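**Q** Give me a model of this one.
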Amino acid sequence: MQVLAIALLVPFLAVAPLRLFMPATAKAHGIPAPVQVGISFSPLRAAYLGLDYQTAFKRLEALHFRVIRLSTYWDQVDREGYGQLDWMMAEARKSHQPVALTVGMKALGWPEFFIPASVTPVNGLHQGQDVASDSSFRVAALSFVSDTVLRYRDNSALVAWQVENEPFNRAGPQRLWIDAEFLRDEIASVRQLDRHHRPVIVNAFSHFNLVFDQASARQGFDFRQWLGFDADSAERDGLSVLGRGDVLGLDVYTAIGYQFLGQNHLSHADGDWPDRLARVLDLAHKQGKQAWITEAQAEPWESSDLNYANPKSTSPQAIRGIFENLKDAGFTTVLFWGSEYWLWQADHGDTRWIETIKTILHDESRAPAMALAA
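**A** Numbers count the residues shown, from 1 in each chain. Purely as a prediction, here's the structure:
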């Protein structure tokens, strides 16, 4: 079977305002602050692995993550309505499970852009296009964002809105992206409609290595960066559209499998990735903004589905190592990517993945809970 994690390779080779708890790091005293540990969950990814999404969601709720990140899938809503997301949001409210909800045309999982055929621009979408360049499409996308915010804004489980998913990184088989002007319009719509004034998250696929960074950048090849000069980045673009108290999300992967000339290869992140993330965290704090790890690699990113059960790109031990590096860098909110994979592995007799996460949750149990809306 083709694995969702593998498919992600294509784009690279292509009232008072609600405030989340933002603990000050104790790193200066030699003791990193406890981490609020969360996850992302996608019913689509769960179904792909043969899991019932309701059962899977309840299994994850039982672990008491500080936050679960969910997505609104525009094409699915266009076909079927909000029923699936309604169930998860109602379940989260009942169990007091904090949720961060992604709204917009991009969502969690391949191909990231989930655009209904009914609203696709007349001339279609073209390779490398800024998808917001069509005025009628912008109107439809903003309407979808507004409908979603109005539907869930009074759900007490909701602690933050993520607007789009990696908007400044190219994604999907056509390597599409979203410009900053339209993203600001979406954020303004969310702020206007959400009377609880929840924080906004904008995330980015963070630094991996020079080749992969250039492949995913919205501006394409940047000769300045190859020469060693500072260049625009998705992280800086994200900070530029956020306000004080908002959240820059960083998606962190340390090993990626890919195919080249019919051969399987494994590429590793530059060794300085924790130091670079620490600098981004410091920049966010200087601007009065938060920085979370919205995706920390905790499932394989393989070049072949034959390696999915016994991956080469990560392991339970590697998950622990990534987490410790992120904690040492000063991050106090870390969401792992791969929750559906851990359940799938456990159901097939390998409990090491889920047990590793349980151990991390236990070790970080002193971290405060997320603030819920009144």
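
**Q** make it CA atoms for all contacts and neighbour counts henceforth
**A** OK.

**Q** pretty sure residue 107 is in contact with residue 75, am I right?
**A** No. If you go by CA atoms under 8 Å, residue 107 and residue 75 don't touch, sitting 10.5 Å apart.

**Q** Quickly list what's touching both of the two.
**A** residue 114 (CA atoms under 8 Å, 6 or more residues apart in numbering).

**Q** Compare those two (neighbour count), which wins?
**A** Legend: neighbour count by other CA atoms under 10 Å for residue 107 and residue 75, higher for residue 107 (25 against 17).

**Q** Mind pulling the model confidence for the more buried one?
**A** According to the prediction, residue 107 has pLDDT 97.

**Q** How about residue 371?
**A** 74.

**Q** Wasn't it part of a helix?
**A** No. Counting by DSSP: H, G, I helix; E, B strand; the rest coil, residue 371 falls outside a helix, being coil.

**Q** quick one: it and residue 245, what's the gap?
**A** Remark: distance between residue 371 and residue 245 (CA to CA, to the nearest Å) = 14 Å.

**Q** State whether residue 56 is indeed within a helix.
**A** Yes. Under three-state DSSP, residue 56 sits within a helix.

**Q** how much space between the nearest residue to residue 127 once chain neighbours are set aside and residue 282?
**A** Nearest residue to residue 127 in three dimensions, chain neighbours excluded: residue 174, at 4.5 Å (CA to CA, 6 or more residues apart in numbering). Noted for residue 174: a distance of 34 Å to residue 282, by CA to CA.

**Q** What residues sit buried inside whichever strand or helix holds residue 94?
**A** Using DSSP states H and E, residue 94 sits within helix 83-95. For helix 83-95, a neighbour-count test (16 or more other CA atoms under 10 Å) marks 85, 88, 89, 91, 92, 93 as buried.

**Q** Output these as a markdown table; include the columns distance to residue 198.
**A** Below are these laid out as a markdown table (distance: CA to CA, whole Å):
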| residue | distance to residue 198 |
| --- | --- |
| 85 | 19 |
| 88 | 19 |
| 89 | 16 |
| 91 | 20 |
| 92 | 17 |
| 93 | 16 |
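
**Q** re the thing from before, the residue nearest to residue 127: neighbouring residues, count only.
**A** Count around residue 174 with other CA under 10 Å applied: 17.

**Q** in the stretch 201-350 of the chain, which spans are helices?
**A** For the stretch 201-350 of the chain, the helices defined by DSSP state H, counting those that start in this stretch cover 210-216, 223-226, 234-241, 273-286, 316-328, 339-347.

**Q** So what angle separates the directions of the third one and helix 273-286?
**A** Between the axes of helix 234-241 and helix 273-286, defined by axes from the mean of the first three to the mean of the last three CA atoms, to 10 degrees, the angle is 10 degrees.

**Q** just checking, what packs against helix 234-241?
**A** The helices and strands touching helix 234-241, judged by 3 or more CA pairs under 8 Å, 6 or more residues apart in numbering; DSSP states H and E, are helix 180-193, strand 200-205, strand 247-252.

**Q** Let's see that with 7 Å instead.
**A** With contacts taken as 3 or more CA pairs under 7 Å, 6 or more residues apart in numbering; DSSP states H and E, helix 234-241 sits against strand 200-205.

**Q** Okay, buried residues for the strand it packs on please.
**A** Quick answer for strand 200-205 (16+ other CA under 10 Å): 200, 201, 202, 203, 204, 205.

**Q** partners of it in the sheet?
**A** strand 158-163 (parallel), strand 247-252 (parallel) (DSSP bridges).

**Q** and those strands as CSV, adding distance to residue 43, mean pLDDT and mean neighbour count?
**A** Formatted as CSV, the strands paired with strand 200-205 follow (distance: least, CA to CA, whole Å; pLDDT from 0 to 100; neighbours: other CA atoms under 10 Å):
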stretch, distance to residue 43, mean pLDDT, mean neighbour count
strand 158-163, 18, 98, 27
strand 247-252, 20, 97, 26
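
**Q** which stretches of the stretch 101-250 of the chain have low pLDDT?
**A** 122, 207-232 (pLDDT under 70).
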